[in-house]
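Asks: Coordinates for the following, if possible.
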Amino acid sequence: MAHENPTASGAHPVILQRSSYPEYLRITEILRKETVGGILLLIASAIAIIWANSPASESYFAVRDFEFGYEPWHLKLSVGAWASDGLLAVFFFLTGLELKREFVAGDLRRISRAIVPVAAAFGGVVVPALVYTVVNLSSPDTLRGWAIPTATDIAFALAVLAVIGSHLPGALRIFLLTLAVVDDLIAIAIIAFFYSEDVHLTYLLWMLLPLGLFALLAQRRPRFFGTTTRGPWLILLPLGIITWALMHASGVHATVAGVLLGFCVPVLRKSEGKPALPRPGKPGLAEVLEHRFRPLSTGFAVPVFAFFSAGVAIGGAEGFASALTDPVLIGIVLGLVLGKPLGIMLTTFLVTKTTRAHLDPGLSWWDLLGVGILAGVGFTVSLLVNDLSFGAGSEHDDHAKVAILTASLTAALLSSVVLRARNKHYRRIEEQEKIDADQDGIPDVFEDRGN
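Replies: Predicted structure coming up:
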């Protein structure tokens, strides 16, 4: 029996509804990759923390703070800065690709379905920022860190969801992915507007030349770059590096270049004389580049960044006790653990009450609560904003790192409790549906789809 369009005939649009099967397969593939990336991220962070608090801690900070590069081009940076400014640009390039794909060819290209996760992402940014600001109102020198608890770590959050949510509806997975991607885009906008200092307009204008050439070539020759392995490396990559270097020299954080480059890549595949349309089995250039670069991001770029950013000398029990009294730590923990789910839930509730949208009958607000708590796993971008806020090595910077790690672990554990319970609930439903289908003689189409 065909499913009716929930928006047809004046019906109320349904939010968090089941996705199309191609979209489900794509999200599942991303989840598999991000699971590995999340594990590597956790391992790299653990090694950094252990090393930074070991008798050999001086060697860790010596490596992190070692500088190299060409000074006239403003590229004499520390190893840690190269990781955050350079390697993380690869992560944000993929973020730009994924965001564009979601809104051009994904299920979220329909406004009725995109509005809720996008609005929830904004709520999940605004409320944590307000929580942090309220906590730090009496400490003006720490207010600069207001954006630290606003970000959701895609790799970490999706890794947790993939491990504990084998039977959760695909709609929740897509909701979290979209929320996290939009969340990161908002974070990049915050970095560009609030954490960029001494912006040099000349470099910014020069940056438009390689960026424009990158976009022109990607749009005009998508087939060439999609079917050859050397083309992207020998042509697009150098243009991307030049764009990144000029963006860095302009004073705007260089990771913004990664997002802009991602936006320039075409999503839809087009044949000769035919318009660009989604074509089953024929991925566009954005999907091709995503498959090629994602292993570099999840397997190397992000773990290396985490390794050089997560290392913090806690100073034993006394140092940890000192961190607990810092309003920076309190604001970040409350912002990520409480502010994130509160902002996401409140925004979603308001959208359902002020519009004709409503939750899918097969879902519960408990599902949304679990995802909202999981969105409090702020790591990669939170660490980046922290370094921009207080400067690597400062007392507030160290306390903020402790807060980010503590809050992320707490959010992961709390969300696991909620989502594991929901996962058991949906597993029982699936088992019952399978029993009913066997009794009625209906083939198990879901099993066929998975083969």
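Asks: ok, and the closest non-adjacent residue to the spatially most central residue of the chain?
Replies: Central residue of the chain (C-alpha atoms, centre = their mean): Ile154, 3.4 Å from the mean position. Sequence neighbours aside, Ala180 is the residue nearest to Ile154 in space, at 4.4 Å (criterion: C-beta to C-beta, 6 or more residues apart in numbering). Quick note: C-beta positions are derived from backbone N, CA and C, even for glycine.
Asks: can you tell me which helix in this protein is longest?
Replies: Longest helix in the chain by number of residues (criterion: DSSP state H): helix 395-440.
Asks: on that earlier part again, surely the residue nearest to the centre of the chain and Thr178 touch.
Replies: No: contact criterion C-beta atoms under 8 Å: Ile154 and Thr178 do not qualify, at 10.5 Å.
Asks: what sits in contact with each of these two?
Replies: By C-beta atoms under 8 Å, 6 or more residues apart in numbering, Ile154 and Thr178 have no common neighbours.
Asks: what about Asn53, how many neighbours?
Replies: 17 (other C-beta atoms under 10 Å).
Asks: what's the following helix or strand after the helix or strand harbouring Arg101?
Replies: Element membership of Arg101, judged by DSSP states H and E, is helix 88-104. Using DSSP H and E, the helix or strand that follows helix 88-104 in sequence is helix 111-135.
Asks: Could you point out the helix or strand that follows that following helix?
Replies: Sequence-wise, the next helix or strand downstream of helix 111-135 (DSSP H and E) is helix 154-164.
Asks: Counting by contacts, list what the next helix or strand after that next one packs against.
Replies: The first helix or strand that comes after helix 154-164 along the chain, using DSSP H and E, is helix 170-194. If you count contacts as 3 or more C-beta pairs under 8 Å, 6 or more residues apart in numbering; DSSP states H and E, helix 170-194 packs onto helix 21-52, helix 88-104, helix 111-135, helix 154-164, helix 255-263, helix 365-374, helix 380-390.
Asks: Quick one: name whatever helix or strand follows helix 170-194.
Replies: helix 201-220.
Asks: what's the model's confidence in that following helix, averaged?
Replies: Per-residue pLDDT values across helix 201-220 average out to 94.
Asks: looking at the helices and strands packed on helix 170-194, which one has the lowest mean pLDDT?
Replies: Of all the helices and strands packed on helix 170-194, helix 21-52 has the smallest average pLDDT, which comes to a mean of 72.
Asks: Would you mark the buried spots in whatever helix or strand comes next after it?
Replies: Sequence-wise, the next helix or strand downstream of helix 21-52 (DSSP H and E) is helix 57-65. Counting neighbours by 16 or more other C-beta atoms under 10 Å, one finds that the buried residues in helix 57-65 are 60-61, 64.
Asks: Any chance you could give me helix 57-65 in CSV, C-alpha atoms only?
Replies: The C-alpha trace of helix 57-65 is given here as CSV (Å, rounded to 0.1, in the frame of the first residue of the first chain):
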residue,chain,number,x,y,z
SER,A,57,54.7,16.3,29.3
GLU,A,58,57.3,18.9,28.2
SER,A,59,57.9,16.9,25.0
TYR,A,60,54.2,17.0,24.1
PHE,A,61,54.0,20.8,24.5
ALA,A,62,57.4,21.2,22.7
VAL,A,63,56.0,19.4,19.7
ARG,A,64,52.7,21.2,19.8
ASP,A,65,54.3,24.6,20.0
